[in-house]
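A.B. asks: The sequence and its predicted three-dimensional model are supplied below.
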Amino acid sequence: MTSAFEIRPGQPDEALDIVTLNVRAWRHAYQGVIPDAVLDALEPQDRLVRWRDRLADQGEHGQVWVVRSGGRLCGFCWFGPAWEHLMHPPPADAGEISAFYLDPDHFGGGLADRLAGQVEAWLAARFDRSVLWVLEDNARARRFYTRRGWLADGARTPYPRPGCRGVYVVRHRWVPGPEALTSAAGAGHPGGS
Ligand SMILES: CC(C)(COP(=O)(O)OP(=O)(O)OC[C@H]1O[C@@H](n2cnc3c(N)ncnc32)[C@H](O)[C@@H]1OP(=O)(O)O)[C@@H](O)C(=O)NCCC(=O)NCCS
């Protein structure tokens, strides 16, 4: 892959690209994990306003970073301080990755590591630990996170989306190592590659 990737905070006018990629990634990655009927019913437009608001309101309380190459959206990540999920309070003073998605064309290309590295630097500059919730049977994502040191911490709860009975999410927890703490010095300034 020769084109450069730009990683930067997203803009409100990128919401449509984000929700389109989001639905495409769900249909690709969650097949067999989430019932087909739920995947078939996904509508990017249903998420548009929420994402436009999120993109318009970034700060220490939440960030949305995008990865673009040649004008095309290749991935995005939403992260910030941890919040309570489904009666599971977060660890004290923790950060969180709330959404992390690549376009399926980029799965396995190393882009997820580049984006995660920059997000982790931002988190490491602010929090002693961070968490994320992931579908229990999303083996690919769980392997990716585990390889990067995000380890399952035992929290598990039903996924509350209608039509998803029997589907569970689990929490993974990350404590920054020396490498992340070094990159944390430049955190808050995502860059390209
Ligand atoms: C999760 C995601 C960002 C990871 O990016 P990626 O480029 O696919 O990740 P990588 O290829 O670097 O790593 C995936 C790992 O899973 C492995 N893997 C691939 N397919 C797999 C499968 N079906 N089952 C189990 N492991 C699998 C890969 O070999 C790799 O492991 P390795 O590094 O030990 O070889 C990307 O797949 C994605 O956007 N998925 C859809 C959205 C999603 O699930 N997001 C997480 C929501 S919390």
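C.D. replies: Nice, thanks for sending it over.
A.B. asks: Contact partners for the residue nearest to the spatial centre of the chain?
C.D. replies: For the chain, the residue nearest the mean C-alpha position is residue 100 (1.8 Å; CA atoms, centre = their mean). Contact partners of residue 100, counting by CB atoms under 8 Å, 6 or more residues apart in numbering, are 75, 76, 77, 78, 79, 112, 115, 116, 119, 132, 141. Every C-beta, even on glycine, is put in place using the N, C-alpha and C of the backbone.
A.B. asks: now those residues as a markdown table including neighbour count and secondary structure?
C.D. replies: Formatted as a markdown table, these follow (neighbours: other CB atoms under 10 Å; DSSP: H, G, I helix; E, B strand; the rest coil):
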| residue | neighbour count | secondary structure |
| --- | --- | --- |
| 75 | 25 | strand |
| 76 | 26 | strand |
| 77 | 24 | strand |
| 78 | 21 | strand |
| 79 | 22 | strand |
| 112 | 23 | helix |
| 115 | 24 | helix |
| 116 | 20 | helix |
| 119 | 22 | helix |
| 132 | 21 | strand |
| 141 | 19 | helix |
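A.B. asks: restrict these to contacts with the ligand.
C.D. replies: Checking those against the ligand by CB under 6 Å from any ligand atom, the ones in range are 112, 132, 141.
A.B. asks: Wait, a strand at the residue nearest to the centre of the chain?
C.D. replies: Yes. Judged by DSSP: H, G, I helix; E, B strand; the rest coil, residue 100 forms part of a strand.
A.B. asks: What distance do you get for it to the ligand?
C.D. replies: Using CB to the nearest ligand atom, to the nearest Å, one obtains 5 Å as the distance from residue 100 to the ligand.
A.B. asks: mind checking how far that residue is from residue 8?
C.D. replies: Residue 100 sits 16 Å away from residue 8, going by CB to CB, to the nearest Å.
A.B. asks: Likewise for residue 142?
C.D. replies: 28 Å.
A.B. asks: Compare these two (neighbour count), which wins?
C.D. replies: A direct count of neighbours by other CB atoms under 10 Å for residue 142 and residue 8 places residue 142 higher, at 18 against 14.
A.B. asks: Could you report the pLDDT at that one?
C.D. replies: pLDDT for residue 142: 98.
A.B. asks: That one touches residue 152, doesn't it?
C.D. replies: Yes. If you go by CB atoms under 8 Å, residue 142 and residue 152 touch, sitting 7.5 Å apart.
A.B. asks: Would you tell me which residues of this structure are close to the ligand?
C.D. replies: Going by CB under 6 Å from any ligand atom, the residues of the chain near the ligand are 25, 29, 100-102, 107-108, 112-113, 132, 134, 138-141, 143-144, 147.
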